[in-house]
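Asker: Give me coordinates for this.
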Amino acid sequence: MPLAPEQRTGTPAGPDAPDTRKLAAQFEDEKPGRPLTGPIGVLVTGTTLAIALLALVQVFQPLPQGSKYYLIIFLAGVLPTVFLAYPADLAFPRRPRPAPAPGAGADQAEPARRVAPDRAGPTLPDRVLAGVALVSCLYPVLPFTVGGGGGGYDAFLDRQGLLVGLDVAMGTVLLLLLLEACRRTTGWILPAVCLLFLAYGYYGGLLPQSWPVAHAGLDFGQLVDAFYNSDSGFYGTPLDVAASYIVLFTIYGAVLDLSGAGRFFVELSAAAFRRSRTAAGRTAVASGFLLGTVSGSGAATTVSIGAVTWPVLRRAGYPAERAGGMLAAAGVGAILSPPTLGAAAFIIAEYLGVSYLQVLGWATIPTVLYYLGILLSVEIDARRSGVRPVVIDTGSPWRLLGRFGYHFLSLLVITGLLALGVSATRAVVGATVLAAALSFLDRRHRLTPARLVDALGTGVRGVLAVSAVCAAAGIITATTTKTGLGPQAAALLVSGAQVVASDPAVVLALTALLAAVALSLLGLAVPVTASFVIGWVIIGPALLDLGVAAPAAAMFVFYFAVLSEVSPPTALAAVAAAAVTGGRLVPTMWQTLRYALPAYLIPIAFVITPTGLGLLGIGGPQRIAVAALVSALGVAVLAVAAGGWLPGVGRAGVPERILGALAGLTLLWLEPVPVTVGAVLAAAVVAGVFVRRGAAGRTGGPSATPPVNHGEEEQ
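Answerer: Numbers count the residues shown, from 1 in each chain. Below is the predicted model of the structure:
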């Protein structure tokens, strides 16, 4: 995009610039890996290429031994690579040097400090751990007998529930290695959570049996058997999703990005709104939506769109904190937007036994409502704050579409193939092949054999951390299954709501609120995928027990798991946005919450009432239309309440904003009486703003509409 020189100063060149990618990596749920060169780099490239080819072949020619055998081989390639690609990040104190002799230069003294880990390449312990990981992963398919263990894949499965000592030892080693892999890729919190579940499984039998969460107790061998040799442990649904779906979609995203799609989406967004007062804000929001097709991370999308649009937002007069909130909210929306949702969406499809297309259908209306709220906030901010019109120096959007619009074809192919009943894996492989072929239409982004290998390797490296998290999540799911913790925790959650009220509707609403708070707190500590898995096995049963439909319960957990990226005090997307804009962190987080407000409220709407299922596209046309229109009105009124401005009319005062907040919350309770009350309150808000505008005009008060620079064209 040909930006003016002042727009380019001090910012990365665009979403695919190296500086942008480095900055984005700092704010991922999963930590960035280290660059690898030399023989180790060649080894890792070869390994990732082999994993990519295996995943692609598995789609059309599955291994005859079954899916679990494939997962064993997949993890055997992924886990050792994690130890080579991710440093231990353990700093050690360095002994201070002796004080310099009298008269010596002050620079000869060195105070005690923490030494940053060496990220240049794998250390000897890294290589040893990689080797041990390879052995422990491949042990279940070991073709010969060792000390009563081994004996091949079938023999290993036959020993389920009757593991020998070597089986338990190898399972324990793999358990420890997965915890260390999670620590390297996500930090200390997730391993601590896994250890907490492990301790519960082992020591739960010592709890007073009158406690609801007490169980009969499991010995360590039983736990290892559940982790290592069952379908709910390391090789359970989360890893199956990572190895069968997520890896293919990350490869597709890498191919699409290297073919120039990311830059095209940003340029198209800028060109579409290049001469309106809200051009800068609209460009940021549209870029976030489009870039979500090539980035499954809210923080990465935030940095990518911020690199290009923050200079424009600054010229338009947006404060750094408000611009950062807009960028973060738009970036996180990428994870919620079809056709490529976050990794947890694939787990939903597997858990509920539905097609991925159905999950996309469930996400469509909430996505529209989410971006409606952001766009309304953009319009309100532009008028309330007197944002200046900015002309973005781009060409015609139609010319851009005519030249590079082919980047949309692969996205349409995914949706079209899914609609025709093709599996999600085959659909994304077809889209990947098409994107690679179309890259030759642009000489700058042709996927030559070398760049194709780079794309495949990048795609697999993008799933390393997710795979480690998914395998470790097996500790949580297996422990929950063996101990019955899920139903027990669900009963505690429901009973907590019943203490406050006895009416079933109120109990459901309180349970949903408690669940939302619990999921938000959980998401602050662990990545989105792990947050969804834990939330589904612990909180999901509570919602199901109260009669909530499975799709609504699953999407409720999914949305609040994703929202951890904008929830204080961590709010990775907001932190990333503040790093781009230079704004203050806490105000940026609060601005992000204001923009992302619909995402917090809409999931509650489709849980607490049967009509709310219409927001997921479930039910007849009348239910869907009523739910969508009423919720859209609720989102609009909430935007007015949060922004303090009614577009086209003028400023909303404190009374109107309070009424607007009550109206919006009431409208989201999709029952006839609350909807009627909410509509009346919304009408009162509009009337109040009109009265305030008339009073301001009669008294010569502040104008209801800020002055516009008539030298610029406004849309």
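Asker: Which SSE is immediately downstream of the lengthiest helix in the chain?
Answerer: Looking across the chain with DSSP state H, the single longest helix is helix 449-483. Counting by DSSP states H and E, the next helix or strand C-terminal to helix 449-483 is helix 485-500.
Asker: Residue 127 contacts residue 84, correct?
Answerer: Yes - with contact defined as Cβ atoms under 8 Å, residue 127 reaches residue 84; the gap is 7.3 Å. In short, each C-beta sits where N, CA and C put it, glycine included.
Asker: Among the two, which residue is more densely surrounded?
Answerer: For residue 127 versus residue 84, the count of surrounding residues by other Cβ atoms under 10 Å is larger for residue 84: 23 against 15.
Asker: For that one, list the residues it contacts.
Answerer: Shown in contact with residue 84 (Cβ atoms under 8 Å, 6 or more residues apart in numbering): 36, 40, 43-44, 122, 126-127, 130.
Asker: Name the nearest of these relative to residue 559.
Answerer: The shortest approach to residue 559 among those belongs to residue 44, at 35.4 Å (Cβ to Cβ).
Asker: which residues does the closest one contact?
Answerer: Counting by Cβ under 8 Å, 6+ apart, residue 44 makes contact with 36, 81, 84-85, 457.
Asker: Buried residues in the longest helix of the chain, which are they?
Answerer: 451-483 (16 or more other Cβ atoms under 10 Å).
Asker: same deal with stretch 154-174?
Answerer: Using 16+ other Cβ under 10 Å as the burial criterion, the residues of stretch 154-174 that qualify are 156, 159, 163, 166-174.
Asker: Span of it from start to end?
Answerer: Across stretch 154-174, the terminal residues are separated by 20 Å (Cα to Cα, to the nearest Å).
Asker: which other residues reach it?
Answerer: For stretch 154-174, contacts defined as Cβ under 8 Å, 6+ apart pick out 132-133, 135-137, 139-142, 145-150, 220-221, 224-225, 227-230, 234.
Asker: Show me which of those are buried.
Answerer: For the contacts of stretch 154-174, buried by 16+ other Cβ under 10 Å: 132-133, 136-137, 139-142, 149-150, 221, 224-225, 227-230, 234.
Asker: How confident was the prediction at residue 305?
Answerer: What the model reports as pLDDT for residue 305 is 79.
Asker: hang on, the earlier thing: out of the buried residues of stretch 154-174, name the ones that lie in helices.
Answerer: Judged by DSSP H, helices contain the following of the buried residues of stretch 154-174: 156, 166-174.
Asker: With pLDDT and distance to residue 541 as added columns, please give those residues in JSON lines.
Answerer: Formatted as JSON lines, those follow (pLDDT from 0 to 100; distance: Cβ to Cβ, whole Å):
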{"residue": "156", "pLDDT": "90", "distance to residue 541": "32"}
{"residue": "166", "pLDDT": "91", "distance to residue 541": "36"}
{"residue": "167", "pLDDT": "91", "distance to residue 541": "31"}
{"residue": "168", "pLDDT": "92", "distance to residue 541": "30"}
{"residue": "169", "pLDDT": "93", "distance to residue 541": "34"}
{"residue": "170", "pLDDT": "93", "distance to residue 541": "33"}
{"residue": "171", "pLDDT": "93", "distance to residue 541": "28"}
{"residue": "172", "pLDDT": "94", "distance to residue 541": "30"}
{"residue": "173", "pLDDT": "95", "distance to residue 541": "33"}
{"residue": "174", "pLDDT": "95", "distance to residue 541": "28"}
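Asker: between the residues you listed, which is closest to residue 420?
Answerer: Taking Cβ to Cβ as the measure, residue 420 sits nearest to residue 156 out of those, at 39.2 Å.
Asker: Could you report the distance from that closest one to residue 227?
Answerer: As judged by Cβ to Cβ, to the nearest Å, residue 156 and residue 227 stand 14 Å apart.
Asker: What residues does residue 148 make contact with?
Answerer: 164-166.
Asker: roughly how far apart are it and residue 162?
Answerer: Distance, residue 148 to residue 162, using Cβ to Cβ: 11 Å.
Asker: can I have the one helix or strand residue 79 maps to written out in PDB, keeping just the CAs?
Answerer: Counting by DSSP H and E, the element that carries residue 79 is helix 67-85. This file holds the C-alpha atoms of helix 67-85, laid out as PDB (Å, rounded to 0.1, in the frame of the first residue of the first chain):
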ATOM      1  CA  SER A  67      -5.600 -42.900  14.000                       C
ATOM      2  CA  LYS A  68      -3.900 -43.500  17.400                       C
ATOM      3  CA  TYR A  69      -0.900 -44.900  15.600                       C
ATOM      4  CA  TYR A  70      -0.700 -41.800  13.500                       C
ATOM      5  CA  LEU A  71      -0.900 -39.600  16.600                       C
ATOM      6  CA  ILE A  72       2.000 -41.600  18.100                       C
ATOM      7  CA  ILE A  73       4.100 -40.900  15.000                       C
ATOM      8  CA  PHE A  74       3.000 -37.300  14.900                       C
ATOM      9  CA  LEU A  75       3.900 -36.600  18.500                       C
ATOM     10  CA  ALA A  76       7.200 -38.400  18.000                       C
ATOM     11  CA  GLY A  77       8.100 -35.800  15.300                       C
ATOM     12  CA  VAL A  78       6.700 -32.800  17.200                       C
ATOM     13  CA  LEU A  79       7.900 -33.200  20.700                       C
ATOM     14  CA  PRO A  80      11.600 -33.600  20.000                       C
ATOM     15  CA  THR A  81      11.400 -30.600  17.700                       C
ATOM     16  CA  VAL A  82       9.900 -28.500  20.500                       C
ATOM     17  CA  PHE A  83      13.100 -29.100  22.600                       C
ATOM     18  CA  LEU A  84      15.300 -28.100  19.600                       C
ATOM     19  CA  ALA A  85      13.200 -25.100  18.600                       C
END
